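Visitor: fold the following.
(one chain, ligands or ions: 2)
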Amino acid sequence: MAKVAKIPVIDISSNNDQEKVAKELVEAAIEHGFIYIKNPGTAIIPQDAIDKAFEISKKLFNAPLSEKQSCSIQKNNRGWSGMQVETLDPSTQRVGDFKEAFNFGPFQNSQASQPLPPTISSDQPSLSTFQDFCYSLCLKITTLLGIGLSVNPPDFFAKAHLRSTGPSGTILRFLYYPPSSSIPDANPSSDVRAGAHSDYGSMTLLFRLKGQVGLEILTTDNQKWVPVPVTPPGTEDDPTPPILLNIGDLLSYWTNGLLRSTVHRVVFSGEDNQITREKTAEQEPRYSIAYFFHPVGTTPLTPVPSERVKNYVPDGQEKGNGNPHAERKVMTADEHLQMRYVIS
Ligand SMILES: O=C(O)CCC(=O)C(=O)O
Ligand SMILES: [Fe+2]
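Guide: Ligands and ions are numbered 1, 2, ... in the order given. Model (predicted):
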């Protein structure tokens, strides 16, 4: 039987027992770095908003090449990147990622602040609404992480992400992975759809479609790749698959490694999975949507006022050797992002 990642499914939709939910989130973020956020109805992100976002994504990637090319990705990280333009893991990849992506920056008054392909021009209000849902959900999760880590004040992280206080690296990203049959030079058994990487920001929300497998995480105990099912047990009857949340490098850095930023990748052939009954997706196009949540760029990544974080000793460091937080220079969220771009 194929092994799958044992990522907890957490229901944050009820406001009862906030402390308990917050603790569960924190433990999952420490142990796995990945968490399923159950999406049981309208309480988290409504199904029609997710369906609409995928519909727009399909329209966008099907648009004439010239429309997409005229919105090519800029230094500000907004726009379209074509097939094999990105190589997320150059150390192991023979060729670039077999994917296309489109990055959306912020919307103002339901209008994008960047060029968009005319094909999706009329969809700006829906995109803006979807981005707002993602923003609110991430803000809620940052608050819960603050509560779960007993940060004082508990809104320490949430406040750093308030978009009303300044620009950030936050990006909504549509992804399209073509079927292997349409790319003759791909070798689906050894090439990847997206190379091994960790995400840069505070956290990422990932939306996938039922049956569209391929995401894998690298386990920290035995360094093995294991699939991350779209529909884990217990969520089969929910209107949409759970939203996958993962901690990014910035929040891991900010918490001195206590919260885990887990390496992941997308392969062509998700194993036929006996547990979840999900099938190989290599011959089918795959769509996913990621929301990369970053703090406001000027946020100084000062030591987190939490005993749990302060007392955490990263592997390989000895207690009493000084507080690693106190020893390092405080950088801003923007500086952290620039540093990640340089080393990637
Ligand atoms: O498409 C996926 O399932 C994952 C994408 C991803 O990890 C990313 O864009 O950072
Ligand atoms: Fe990622």
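
Visitor: where do the helices of this protein begin and end?
Guide: 18-31, 47-62, 65-69, 124-148, 156-160, 249-254, 307-310, 324-327, 333-343 (DSSP state H).

Visitor: what's the closest of those to S113?
Guide: For S113, the closest of these is helix 124-148, at 10.5 Å, according to CB to CB. Glycine gets a C-beta too; all of them are placed from N, C-alpha and C.

Visitor: ok, now which ones touch R163?
Guide: Contacts for R163 (CB atoms under 8 Å, 6 or more residues apart in numbering) come out as 106, 135, 170, 296.

Visitor: measure the spatially closest residue to S13 that is not a sequence neighbour to N246 for me?
Guide: Closest residue in space to S13, ignoring its immediate chain neighbours: A43 at 3.7 Å, by CB to CB, 6 or more residues apart in numbering. Using CB to CB, to the nearest Å, A43 is found at 21 Å from N246.

Visitor: so these two - more neighbours on which side?
Guide: Neighbours were tallied for A43 and for N246 using other CB atoms under 10 Å; the higher tally belongs to N246 (24 against 13).

Visitor: run through the bridge partners of that one.
Guide: N246 has the following beta-bridge partners by DSSP bridges: F34, T204.

Visitor: do A112 as well
Guide: Assigned bridge partners for A112, using DSSP bridges, are F107.

Visitor: residues near it, how many?
Guide: Using other CB under 10 Å, A112 has 20 neighbouring residues.

Visitor: repeat that for P153.
Guide: Residues near P153, counting by other CB under 10 Å: 9.

Visitor: likewise R94?
Guide: Count around R94 with other CB under 10 Å applied: 10.

Visitor: pretty sure it sits against D185.
Guide: No - here R94 does not reach D185: they are 9.8 Å apart, not a contact under CB atoms under 8 Å.

Visitor: quick one on the thing from earlier: what is the nearest of the contacts of R163 to G234?
Guide: Closest to G234, out of all of the contacts of R163 and judged by CB to CB, is Y135, at 27.1 Å.

Visitor: got a list of what the closest one touches?
Guide: By CB under 8 Å, 6+ apart, Y135 lies in contact with 163, 170, 293.

Visitor: return the per-residue confidence for it.
Guide: On pLDDT, Y135 comes in at 98.

Visitor: try G322
Guide: pLDDT at G322 comes out at 49.

Visitor: please apply the same query to F98.
Guide: 86.

Visitor: so what does it have for phi and psi?
Guide: phi -80, psi 80 (degrees, to the nearest 10).

Visitor: who's in contact with the closest residue in space to it that isn't next to it in sequence?
Guide: Nearest residue to F98, sequence neighbours excluded (CB to CB, 6+ apart): R193, at 5.2 Å. Shown in contact with R193 (CB under 8 Å, 6+ apart): 97-99, 177, 214, 266-268, 286.

Visitor: pLDDT score for R193?
Guide: pLDDT at R193 comes out at 89.

Visitor: tell me where the model's unsure across the stretch 201-344 of the chain.
Guide: Residues of the stretch 201-344 of the chain meeting the criterion pLDDT under 70: 270-281, 316-327, 343-344.

Visitor: may I have the beta-bridge partners of whichever residue of it sits closest to ligand 1?
Guide: Relative to ligand 1, the nearest point of the stretch 201-344 of the chain is S288 (3.4 Å; CB to the nearest ligand atom). For S288, the beta-bridge partners under DSSP bridges are L175, R208.

Visitor: relative to T220, how far out is it?
Guide: Relative to T220, and taking CB to CB, S288 is found at 23 Å.

Visitor: what of I45?
Guide: Distance from I45 to T220, by CB to CB: 29 Å.

Visitor: so those two - more neighbours on which side?
Guide: Using other CB under 10 Å as the criterion, I45 and T220 rank with I45 on top: 21 against 14.

Visitor: circling back to that earlier point, tell me how far the residue of the stretch 201-344 of the chain closest to ligand 1 lies from P46.
Guide: Between S288 and P46 the computed distance is 19 Å (CB to CB).

Visitor: tell me the residues of this protein that contact ligand 1?
Guide: Within the chain, the positions near ligand 1 by CB under 6 Å from any ligand atom are 173, 175, 194, 199, 206, 208, 215, 264, 266, 288, 290.

Visitor: of those, closest to V230?
Guide: For those, the nearest to V230 is R208 (4.8 Å; CB to CB).

Visitor: the closest one is in contact with P241, isn't it?
Guide: Yes - R208 is in contact with P241 according to CB under 8 Å; the separation is 6.2 Å.

Visitor: so what sits against both of those two?
Guide: V230.

Visitor: out of the two, which sits in the busier spot?
Guide: Higher neighbour count among R208 and P241: R208, with 25 against 22, using other CB under 10 Å.

Visitor: list the contacts of that one.
Guide: Contacts for R208 (CB under 8 Å, 6+ apart) come out as 215, 230, 241, 244, 288.

Visitor: so what's the last one up against?
Guide: S288 makes contact with 175, 177, 206-209, 212, 215, 266, according to CB under 8 Å, 6+ apart.
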